[in-house]
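**Q** no sequence for this one, just the structure:
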C-alpha cells in the first residue's frame, strides 16, 4: 500500500492589503469552490476582534456581521440554481478577499480509510482502467478538495487543501471512488459536482468520532481519559524530535506482506515496488562507519539484554550501529561469518561491515526474488583481501528492532570460533510517527547521527496516530463543519476487523452514535451511504461477522444504506483495484434516493426460509428482478441441521426463490451464504448487483 501525495499549500484565498493580515478564510472557501445549490450555506473565517465583516456576491446577496471577541465570524447566505461562475467579495477594515470561479452544484463528503483514499496513482494494484480514466478526464465542473492529513487532540479549525478540477492528470491524486461517484452524478444530473475528500489509510472508526461520542462507548473511555495527559507528553516529544532532521521511513509491514503474498500468489509484486525505498536508506550511518564523522557516543553493552536498558525503551525501533573487534594473525585469515538471527517478529534488516567494507546485507543489494523478511541462518565466506593481520573491526548496521542477533566468526581452516563479546552501540536514528506532513506509511526516521543524545532525558513516547480516538474527527472532520453538504459516502472498517470480534460490540455501538453526532453538528439529516468491506484472506475468520454487523447497521442507522462489495474482493490484496463498481453503486443510491431516478440500488435481500423434504427454500424481498447464480468452485451456500454443522450445499433457482440441499444434511434447518473471509459472490440479480452475506443461524 503506497500513495504519492501532493502536499497542498494552505491557501487563505486572501489579498494582503496591510503588513499584518487579519482577515482570513479557510481554504475550503477559495477559488474554484463548489457550493451546494438552492439552499442556505455557511461561510466563515477570522478577522480582528469586533470588526465589521461585509460580504457581497455576484448573485446579489449582501450581508454584514461583527466578529466576536476572538475575531471569529460566520455568515449564512442563500445560493441559487446550478451553474456559475460566481464571485464573493469580503471586506473588513482595510482588507479584502475575493473568491472567484465559484460554482453551485451538488457537494458530497467522501471519507474513510485506504479504500476510499486509493487514487489513480496507487502502487501495486493500480485502480482499474486508471490510464484511460486520466486520459479521458475532462470535467472542469467536477472538483475535489483533498483534506490535508492532520491529527489533533482537540477540535481544530485549521485545514489544508485546495479545489482541483477533474481534468486529465489532475485526477491522479483524486479518491478513485469519489471521482467515479462524482462522474456518474455529473453525467446524470448535468450539474457541477464537488467532492470533499477526507480519508486516512489504516484509520479506525473511533478516530473519526468526537469526544462526545467516544465518551458514551464504554470500551473507549479508558483511551479517552488518557488523552489529556498523553497530549502533553506527545507535544513535548514532538518539540524534542523537531530538533532532528527527519526523512520518511519505508514500511516494514509491506516487506513482510510482500514476502508472504509472493509465496501464495507470485503475481503480487509488493517487493518489487517497495524494495527501492529501502535501498535509498543505504547511506544512513556510513559517515560514522567510514570515520568521516566523529562519533563518541558509543555505549558498551554487557549483553544483548542491556540494549533496551541503554535506550530506556522496550519499544525502540530505528537504525543502530553495533561495533566490535577481533584479532588475526597470518595463519588464521580464512574466515566464515555466521549469522543466526534471533526469533523476532518485526522488522530487522542488517548490513555487516568488516574494516569499513560491506560484506553482506539483508536488503539493499539483495535481488528482489531473493529477499526474505523472515531471516534465516546464513554463512558467508569472507575474502582475505578484506582482512588484515592484527586488529580488525566489525560493524553491524541494524534497521528496525535493535539487535545484533547471534553473529559469529569461524576460522574455516581450524574450525575454531572467534569470540565476539562486549559490543559497543551507537544510535543513528529513531523511528517515530511523522509530525506535520503525513505520507504513507506515516513513520519517519529522526536522525541522531553525530548528536549527543541522552535517552534518559528524552520525553516519554506517546503516539497520536490515525487510530487514536477522536484524532481524525478533531483534525480532519471538525474543520469542515458546517460546510453544507448533500450527503456522505463512507468506506471504512478494514482496521476495525482487527479488534473486538466476533460481536464487535464497540463498533456496533459507535457507528449509530457517530453518524447522529455528525448530523447534529452539521445541522442536517444528510444521507449516509457506506460500503460493506470486501473479501480478503487475512481477517482471521472475522470478516463475515463484521460484514453482518455492517448489514445490521444499515437498518439501524436512519437514512443510511450499504453497498455490497463481495464480488470485487481480491484474495491477497486488501485494496481491490475495482473502484468503478464501488463509486457507481454509491452514485446509484444517491440518484435513486436523493435525485428521484428509477435505478437498481441493491442485489437480492434475504428474507426468510422454509423447510421442505430434506431441502431448505430461501426467499428474498421482491424487487421484481430475477435471481442469478454465477457458477463458482462452490455455490457459496452452506446448510446445517439442528446440530449447526454446516456443509456445502447444491442450489437451484425455482420461481425466484432458491432451493438448497446436501446429501450430508438430513432435514436442514440453517442456511448461510458467503460466510468466510474470502467468499466470492455467486448470487446476483439480473442487473448484476450482488447479494450480501446472510445467515438464519
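**A** Arrived safely. Since the structure is predicted, the reported quantities are computational estimates derived from the model, not experimental observations.

**Q** all the strands of the stretch 201-350 of the chain, in order from the start?
**A** 246-248, 299-300, 318-328, 335-340, 348-354 (DSSP state E, counting those that start in this stretch).

**Q** and the ones you listed: which comes nearest residue 620?
**A** Smallest distance to residue 620 across these (CB to CB): 49.5 Å, for strand 246-248. For the C-beta atoms, the positions are set from N, CA and C on the backbone; glycine is no exception.

**Q** least reliable of the strands of the stretch 201-350 of the chain by average pLDDT, please.
**A** Across the strands of the stretch 201-350 of the chain, strand 335-340 has the smallest mean pLDDT, namely a mean of 89.

**Q** on that earlier part again, need the winner for burial among the strands of the stretch 201-350 of the chain.
**A** strand 348-354 (a mean of 22; mean count of other CB atoms under 10 Å).

**Q** that one - contacts with which helices or strands?
**A** strand 335-340, strand 357-361, strand 390-400 (3 or more CB pairs under 8 Å, 6 or more residues apart in numbering; DSSP states H and E).

**Q** same thing but 7 Å
**A** If contacts are counted by 3 or more CB pairs under 7 Å, 6 or more residues apart in numbering; DSSP states H and E, strand 348-354 sits against strand 357-361, strand 390-400.

**Q** who does the helix or strand just after the first one pair up with?
**A** Meaning strand 357-361. Next along the chain after strand 357-361, taking DSSP states H and E as the criterion, comes strand 378-382. If you go by DSSP bridges, strand 378-382 pairs up with strand 335-340 (antiparallel).

**Q** what's the strand it pairs with in contact with?
**A** 352, 359-360, 377-382, 387, 405-412 (CB atoms under 7 Å, 6 or more residues apart in numbering).

**Q** again, only this time at 10 Å
**A** Where contact means CB atoms under 10 Å, 6 or more residues apart in numbering, the residues beyond strand 335-340 that reach it are 326, 328, 350, 352, 354, 359-360, 362, 375-384, 386-387, 392, 394, 396, 404-413, 415, 417-418.

**Q** quick one on the thing from earlier: compare the helices and strands packed on strand 348-354 and give me the one nearest residue 285.
**A** Of those, nearest to residue 285 by CB to CB is strand 390-400, at 5.5 Å.

**Q** before we move on, back to that, nearest to residue 240, of the helices and strands packed on strand 348-354?
**A** So among these, strand 390-400 is nearest, using CB to CB, at 21.9 Å.

**Q** name the helix or strand for the residue nearest to residue 302 when sequence neighbours are not counted, please.
**A** Distances taken as CB to CB, 6 or more residues apart in numbering place residue 422 nearest to residue 302, at 7.7 Å, with adjacent residues excluded. Assigned by DSSP H and E, residue 422 belongs to neither a helix nor a strand.

**Q** these two touch, right, residue 422 and residue 325?
**A** Yes. At 9.5 Å, residue 422 and residue 325 qualify as touching, with contact defined as CB atoms under 10 Å.

**Q** what residues go with each domain of this structure?
**A** 112-191+200-212+471-595, 246-450, 606-695 (automatic domain parsing).

**Q** ranking those domains by mean pLDDT, which is last?
**A** Of all the domains of the chain, domain 246-450 has the smallest average pLDDT, which comes to a mean of 86.

**Q** OK, contacts around residue 71?
**A** Contacts of residue 71 by CB under 10 Å, 6+ apart are 22, 23, 24, 45, 46, 47, 48, 49, 50, 51, 92.

**Q** from those, which ones fall inside strands?
**A** 45, 46, 92 (DSSP state E).

**Q** ok, for the residue most central in space within the chain, nearest residue in space, not its chain neighbours?
**A** Of all residues in the chain, the one closest to the mean position by CA atoms, centre = their mean is residue 201, 0.7 Å from it. Nearest residue to residue 201 in three dimensions, chain neighbours excluded: residue 114, at 3.2 Å (CB to CB, 6+ apart).

**Q** residue 224 contacts residue 211, correct?
**A** Yes. Using CB under 10 Å, residue 224 makes contact with residue 211 at a distance of 6.3 Å.

**Q** got any residues that touch both of these two?
**A** Joint contacts of residue 224 and residue 211 (CB under 10 Å, 6+ apart) are 469, 470.

**Q** distance-wise, check residue 377 relative to residue 60.
**A** 79 Å (CB to CB, to the nearest Å).

**Q** contacting residues for the closest residue to residue 28 other than its chain neighbours?
**A** Excluding the flanking residues, the one nearest residue 28 by CB to CB, 6+ apart is residue 483, at 5.5 Å. For residue 483, the contact set (CB under 10 Å, 6+ apart) comprises 26, 28-29, 33, 35-36, 41-44, 107, 109, 145, 159, 194, 196, 522.
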